[in-house]
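> generate a structure from the sequence data that follows.
(chains A, B, C and D)
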Number of protein chains: 2
Amino acid sequence: MAKPPKPKRITIHDVAKDAEVSFSAVSKVLRNAYGVSDSLREKVTASIKKLGYTPSFSARGISGGRTFVIGVVFPDMRNPFFADILAGISSALERTTYQMVQGIVQHSTEGALVESMLGMHLDGLIIVGSVSTADKLSVLAAKIPLVAIGHHLADVTAFDTVNNDDFESGRLSVQHLVEQGYRKIGMLSLDTRNGSVIDQREAGYIAAMKAAGLTRYVDVVRVPQNLRQIQVAAGHMLEGNGKKEAVFCWTDYVALEVLSVAARARASVPDELGVVGHDNTLYCDLDQNALTSLDQSGEQLGQQATRLLVERIEGRQRAEHFLVHPRLVARGSTARISLIR
Amino acid sequence: MAKPPKPKRITIHDVAKDAEVSFSAVSKVLRNAYGVSDSLREKVTASIKKLGYTPSFSARGISGGRTFVIGVVFPDMRNPFFADILAGISSALERTTYQMVQGIVQHSTEGALVESMLGMHLDGLIIVGSVSTADKLSVLAAKIPLVAIGHHLADVTAFDTVNNDDFESGRLSVQHLVEQGYRKIGMLSLDTRNGSVIDQREAGYIAAMKAAGLTRYVDVVRVPQNLRQIQVAAGHMLEGNGKKEAVFCWTDYVALEVLSVAARARASVPDELGVVGHDNTLYCDLDQNALTSLDQSGEQLGQQATRLLVERIEGRQRAEHFLVHPRLVARGSTARISLIR
DNA sequence: TGTTGTACGTGCAGCGTTGTACACATCAGA
DNA sequence: TCTGATGTGTACAACGCTGCACGTACAACA
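Predicted coordinates for the structure are as follows:
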């Protein structure tokens, strides 16, 4: 009877045997612990490469040490902007020894997802566009190093934040629209409790409207993330008393719906209606949309968040809050005064 | 000196103490193992609920048992179609005790991502739109239960597959275009080695063209996933010798680029050029696009894949191959003969 | 030469589970 | 009364790693 060739995992012990050292020594090298000579390190790393050893995530988790895996939580998968953030995180992670798992809050709640990630002994968490309150996040941050992307709260001390300057986004949009000759400028915003990102955009919009002497035209319409309701709200922008000359939308997809409604109503863009989106997703550049939008560099947001998270894991206590500056990309949807070149 | 209130995790031992049984008994209940009386089960489950115990993922992984976590691998995050698949997986998972982690092949290679997921002792893997060969996937399937979505190979025995009937997609597209009076119908396909999904669509397109007596117009142009090259290829469809009357695109985004190029070139859609996309993503329904597309029900694909994976984890050996039927959703981009409904 | 450091390695006790081996009742049949 | 058979719960050795408590060797100092 042949021995069952049990396909054994390569462990730290195998490496130790191959390198002719104790298994604890290998562990030390892996953890970059104190008391390792260059020659030891060399021998061990050589054996690791030779045997193709990879540490067991589970064993690390159970023995209380670092797992070198971080979690990333996204609110949904449909906004291509999040892909940019992810790309930024990936690329920043390449320079480190950390890996990443993603979770997407789709049907499940953010809380449940985060809970299950906690159970996996991850080293840290990046939460994108969280709908939780700062308090809840602070509680979470007590359990695990945390960085929030898209959660404006400069006074939070328990975790780091990385944000676009959303106030500036609102301001730039209005400024651009005013330059193009629009006056009755409305805003299609999001109906959400803790969307502090949205709050900032609204505030920027309102401030810029006031600064331009257009206080009487200020109109913020908050709509839930629901196709039907977005269309209805967009329709209202085109007719009746509150008819607008231009609309600033909190995200590109809403702006595209406005373009759609305008097309159906045979309202000409940009002459009758100017439209500005947010995030400068890849659909903006299509000719049938030609959507002016604000670019908040998701890639950079992701990179910075990763940097901050790793710093936190390695021991930083003091909170940091990073801000990137948005850039307005002008396209046909606001080209009322045709841009000379 | 106050005792440091070490926030200890609730373990199986705590539950055992509370229920006044041995910790092995608790483990048995958890695993639904043989030799558990109703009264024991009751006591234990009561204590579990009372203490809010959740099993440690890491400990399960290390001791070689099930972790009740499955991995899902996506090729990218930009295609909203994948969100539908994910939704299907989530909803199917709700009825089970399994959880899910996602990985997205962005910059990292599929191989590296899968490797790291293997290191996490997951119970199973769903791979969406893999670019690996059937051989490589079979090797992988020997290590972990596997279901591939979007990988047509009915003769594979090592793992299950779930697919749209992509041949039918190609056929339906051509059939519809022919009905609308288009004859010179080209196809914008993907330049990839192992895109068997694409192969099927091409085959369906070619077969339908032949069946319609349009063999001489068959033209499959394979383009990599690169914005610039897609635009160039789209441009060629509009002019010169190979000028088309209609284009069938392998995915919606390519079709939207075709619409964009057509808009720039002032070619009228659908009169001068008919366009068909694939996946029926949410952008198709926007009026500025009004893109005819094939719906392959990502939600259903995800649900079926989950069902098959769980079955496999629980012991099934024989491979199963599930096929869903696509549905053509006609819109303005092919409405040459206006549809008298 | 004896003493004190200091740098480097090793030994080992967990971590929270799984799953097998085993002990102990209880009960039916001989 | 003895002998299984069966049903139920316990004991315990893994699993692969971390990180602390120790040795040991060798150099620097008194």
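
> list the contacts of A:Arg95.
Not one residue lies near A:Arg95 by Cβ atoms under 8 Å, 6 or more residues apart in numbering or on different chains. (C-beta placed from N, C-alpha, C; glycine too.)

> what's the separation between it and A:Val310?
9 Å (Cβ to Cβ, to the nearest Å).

> what about the closest residue to DNA strand C within the stretch 151-300 of chain A, how many residues close to it?
Residue of the stretch 151-300 of chain A nearest DNA strand C, by Cβ to the nearest atom of the strand: A:Ala158 (24.5 Å). By the criterion of other Cβ atoms under 10 Å in any protein chain shown, A:Ala158 has 15 neighbours.

> again, but for A:Val178
Using other Cβ under 10 Å, A:Val178 is surrounded by 18 other residues.

> find the residue closest to it in space, skipping its chain neighbours.
A:Ala212 (5.0 Å; Cβ to Cβ, 6 or more residues apart in numbering or on different chains).

> how confident was the prediction at that neighbour?
If you check A:Ala212, the pLDDT there is 97.

> now do the contacts for it.
A:Val174, A:Gln175, A:Val178.

> measure the residue positioned nearest the centre of chain A to A:Leu291 for me?
Nearest to the mean C-alpha position of chain A, by Cα atoms, centre = their mean, lies A:Val128 at 4.4 Å. A:Val128 sits at a distance of 23 Å from A:Leu291 (criterion: Cβ to Cβ).

> pretty sure A:Phe159 sits against A:His321.
No - taking contacts as Cβ atoms under 8 Å, A:Phe159 lies outside contact range of A:His321: 9.8 Å.

> neighbour count for the two, which is higher?
A:Phe159 (27 against 16).

> show me what contacts that one?
A:Phe159 touches A:Leu137, A:Ser138, A:Leu140, A:Ala141, A:Pro145, A:Leu146, A:Val147, A:Ala148, A:Arg312, A:Ala319, counting by Cβ under 8 Å, 6+ apart.

> one more pass at 10 Å, please.
A:124-125, A:127, A:134, A:137-138, A:140-142, A:144-148, A:151, A:153, A:308-309, A:312, A:319-321 (Cβ atoms under 10 Å, 6 or more residues apart in numbering or on different chains).

> same question, A:Pro145
Contacts of A:Pro145 (Cβ under 10 Å, 6+ apart): A:70, A:122-126, A:159-160, A:308-316.

> narrow those to those that are buried.
Those of the contacts of A:Pro145 that meet the buried threshold are A:70, A:122-126, A:159-160, A:308-310, A:312-313, by 16 or more other Cβ atoms under 10 Å in any protein chain shown.

> now render those as TSV, adding distance to A:Trp250, pLDDT and secondary structure.
Converted to TSV, the buried ones among the contacts of A:Pro145 look like this (distance: Cβ to Cβ, whole Å; pLDDT from 0 to 100; DSSP: H, G, I helix; E, B strand; the rest coil):
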residue	distance to A:Trp250	pLDDT	secondary structure
A:Ile70	28	94	strand
A:Leu122	31	94	coil
A:Asp123	33	95	coil
A:Gly124	29	96	strand
A:Leu125	25	96	strand
A:Ile126	22	97	strand
A:Phe159	24	96	coil
A:Asp160	24	96	strand
A:Leu308	25	97	helix
A:Leu309	26	97	helix
A:Val310	31	95	helix
A:Arg312	29	94	helix
A:Ile313	33	93	helix
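
> for the lowest-mean-pLDDT helix or strand in chain A, name the packing helices and strands.
Within chain A, confidence by mean pLDDT, DSSP states H and E is lowest for helix A:110-118 among all helices and strands, at a mean of 85. Judged by 3 or more Cβ pairs under 10 Å, 6 or more residues apart in numbering or on different chains; DSSP states H and E, the packing partners of helix A:110-118 are strand A:69-74, strand A:99-104, strand A:124-128, helix A:134-143, helix B:57-62, strand B:99-104.

> tell me the most buried of the ones you listed?
Across the helices and strands packed on helix A:110-118, averaging neighbours per residue (mean count of other Cβ atoms under 10 Å in any protein chain shown) puts strand A:124-128 on top, at a mean of 27.

> pull the CA atoms of that one into CSV?
Provided in CSV are the C-alpha atoms of strand A:124-128 (Å, rounded to 0.1, in the frame of the first residue of the first chain):
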residue,chain,number,x,y,z
GLY,A,124,-6.3,47.6,9.3
LEU,A,125,-9.3,48.9,7.4
ILE,A,126,-10.0,51.5,4.8
ILE,A,127,-13.6,52.5,4.6
VAL,A,128,-14.8,54.3,1.5
